[in-house]
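Structure of the sequence below:
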Amino acid sequence: MNLRSASHALRSQFFISGLLFATWGVHVPTVKNHYDLDERGLALAMLAAGVGSLGALSQAGRVIARWGPAQVARLTGLLCCAAVASLVASSHLAVLLTLMLLFGVCASLFDVAINAEASEVERLGGGHVMSGFHGMFSLGGMCGAGLGAIAQAVGLTAQEHLLLAAGLAVPAVLAASAFMLPMQAPEPGAREPLSLPRGALLLIGLLAALGLLSEGAMYDWSVLYMKQERASGPGTAAMAYAAFSAAMALGRFGGDAVRARWSPVAVLRWSGALAAAGMATALLLPWSATALLGFAVVGLGLSNVVPVLFSAASRQPDVAPAHGIAAVSSVGYLGMMAGPPLIGVVAHATSLGAGLIAVAVFAAAMALAAQQALAPKSRKAETAQA
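Next up, the predicted model:
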């Protein structure tokens, strides 16, 4: 298999991942109403996904090292499709919690598999391509949100839309998996970090947690925020996710050029500052249009956080790429999966707007912590190149 075919296949996998996440995000209000949940109950469902994700991430490196990214992506991608298609097929909370647990397990393994493959493509190609792959995730999110808005406009039921999205994703997952490359074998003596890494990987993981908490909040709460806090109609509310994803895609498609020109520290500083400013705009100004603009700025700010950090994780000395990404993901996805439920608890006690203040706070903290976490690696890389 050649590198170009593998790259195209991998772009498809990132696109499908984004589409499935967006399909869930668009239907957060649907799930809330279908199961008659308050914010605390909805947070519990999100926490089930977080528990599944963290459990899977502790073993992701070993699973991918044994079976390879293609096999793992094929199986977990199909199971993600099945979980999304079944979100409102039952009215029992236990079924929802089981589905969210399954989605958390499979989505995290799928994510590590395709990111490990992306690091292999980047290594073989010798250039910066990680941001472009993540741009396809954001493009998938934008298209998934757009498909949700169209489905509502033409009168499709929630179940029909979920089946449509999953039905489009299944053949794409199967086709793309057939063209993925085998991973480079780990070097002898390479460490296999568990779900709680130490040293440089832990610092990178903490930054990933700050960025992914903010990203997860947009996936899970932006649509509901528009409906509850800005009194927007279903179509306008769905555009919150679309605006965020479109701006994130734009930032990521240009991100490889940015990464080639500026240091990781500079990229993360500007990323955190933009995300904090965008969230403040969405929360402080009382109009739907400014909220959509704010969500777009958040998307632009967060666009290159994960590509920069996952690329750094895949290049740690004496650590196989899949293990490095899994180790950082285990901390990072603690933010993405556990953060939104915590926001839900705050929203239940106060308001959703108050809960989302955490996004601005953590984005600012990410900017302030960039130097400490990434500057040592940057200096080491510069020394190696000299």
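
any weak-confidence spans in this protein?
For the chain, residues meeting the criterion pLDDT under 70 lie at 1, 125-127, 183-199, 316-322, 337-338, 373, 375-386.

ok, which stretches of it are strands?
Ranges of strands in the chain, per DSSP state E: none exist.

Select the longest helix from it.
If you go by DSSP state H, the chain has its longest helix at helix 39-85.

Give the full set of residues in contact with residue 358.
213, 217, 339, 342, 343, 346 (Cβ atoms under 8 Å, 6 or more residues apart in numbering). All C-beta atoms are positioned from the backbone trio N, CA, C, and that covers glycine.

Not counting its neighbours along the chain, what's nearest the last one?
When you say that, I think you mean residue 346. Using Cβ to Cβ, 6 or more residues apart in numbering and skipping residues adjacent in sequence, the residue nearest residue 346 is residue 355, 3.8 Å away.

Compute the number of surrounding residues for that neighbour.
Residue 355: 24 surrounding residues under other Cβ atoms under 10 Å.

where do the helices sit along the protein?
Assigned by DSSP H, the chain shows helices spanning 3-26, 28-34, 39-85, 93-125, 130-153, 158-177, 199-229, 234-253, 255-261, 264-284, 288-302, 305-314, 321-349, 352-385.

Point out the other helices and strands that the longest helix of the chain packs with.
When contacts are defined as 3 or more Cβ pairs under 8 Å, 6 or more residues apart in numbering; DSSP states H and E, helix 39-85 packs onto helix 3-26, helix 28-34, helix 93-125, helix 158-177, helix 321-349.

any idea of the angle the longest one forms with helix 305-314?
What separates the directions of helix 93-125 and helix 305-314 is an angle of 60 degrees, with axes from the mean of the first three to the mean of the last three Cα atoms, to 10 degrees.

Run the angle between helix 93-125 and helix 321-349 for me.
Relative orientation of helix 93-125 and helix 321-349, computed by the same axes, to 10 degrees: 140 degrees.

now for helix 93-125, which elements pack on it?
Checking 3+ Cβ pairs under 8 Å, 6+ apart, helix 93-125 ends up next to helix 3-26, helix 39-85, helix 130-153, helix 305-314, helix 321-349.

Dump those into a markdown table; add distance to residue 179 as well.
Shown next, in a markdown table, are the helices and strands packed on helix 93-125 (distance: least, Cβ to Cβ, whole Å):
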| stretch | distance to residue 179 |
| --- | --- |
| helix 3-26 | 4 |
| helix 39-85 | 8 |
| helix 130-153 | 14 |
| helix 305-314 | 21 |
| helix 321-349 | 19 |
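
Nearest to residue 223, out of those?
Comparing the helices and strands packed on helix 93-125 against residue 223 with Cβ to Cβ, the closest turns out to be helix 3-26 (6.1 Å).

residues touching the nearest residue to residue 72 once chain neighbours are set aside, list them.
Once flanking residues are discounted, residue 72 sits nearest to residue 113: 4.2 Å by Cβ to Cβ, 6+ apart. Going by Cβ under 8 Å, 6+ apart, residue 113 touches 60, 64, 69, 70, 72, 73, 76, 322.

ok, those residues vs residue 226, which is closest?
Of all those, residue 226 sits closest to residue 76, with 30.9 Å by Cβ to Cβ.

Report how many residues lie close to that closest one.
Residues near residue 76, counting by other Cβ under 10 Å, number 24.

which one is residue 234 nearest to, not counting chain neighbours?
residue 152 (5.1 Å).

Quick check: that neighbour vs residue 99, distance?
Per Cβ to Cβ, to the nearest Å, residue 152 is found 22 Å from residue 99.

now residue 346
25 Å.

thinking again about what came up before, quick one: which of the contacts of residue 113 is nearest to residue 277?
Of all the contacts of residue 113, residue 60 has the smallest distance to residue 277: 33.8 Å, by Cβ to Cβ.

still on that earlier bit, which ones are touching the residue nearest to residue 346?
221, 343, 344, 345, 346, 347.

Just the buried ones out of these, please.
Of the members of these, the ones counted as buried by neighbours, 16 or more other Cβ atoms under 10 Å, are 221, 343, 344, 346, 347.

quick one: which of the residues you listed is nearest to residue 238?
Using Cβ to Cβ, the buried ones among the contacts of residue 355 come closest to residue 238 at residue 221, 13.4 Å.

any idea how far the closest one is from residue 325?
In terms of Cβ to Cβ, residue 221 sits 26 Å off from residue 325.

The closest residue to residue 345 other than its chain neighbours: what's it in contact with?
Using Cβ to Cβ, 6+ apart and skipping the chain neighbours, the partner closest in space to residue 345 is residue 43 (5.5 Å). Residue 43 sits next to 340, 341, 342, 343, 344, 345, 348 when contact means Cβ under 8 Å, 6+ apart.

Same check on residue 280?
By Cβ under 8 Å, 6+ apart, the residues touching residue 280 are 294, 360.

Make sure residue 79 is actually in contact with residue 106.
Yes - with contacts counted by Cβ atoms under 8 Å, residue 79 reaches residue 106, the gap being 4.3 Å.

now, of the helices and strands packed on helix 39-85, which is deepest in the fold?
For the helices and strands packed on helix 39-85, the largest average neighbour count (mean count of other Cβ atoms under 10 Å) is found in helix 321-349, namely a mean of 26.

quick check, distance from stretch 302-313 to the centre of its chain.
Relative to the centre of its chain, stretch 302-313 is centred 11 Å away, using Cα atoms, centre = their mean, to the nearest Å.
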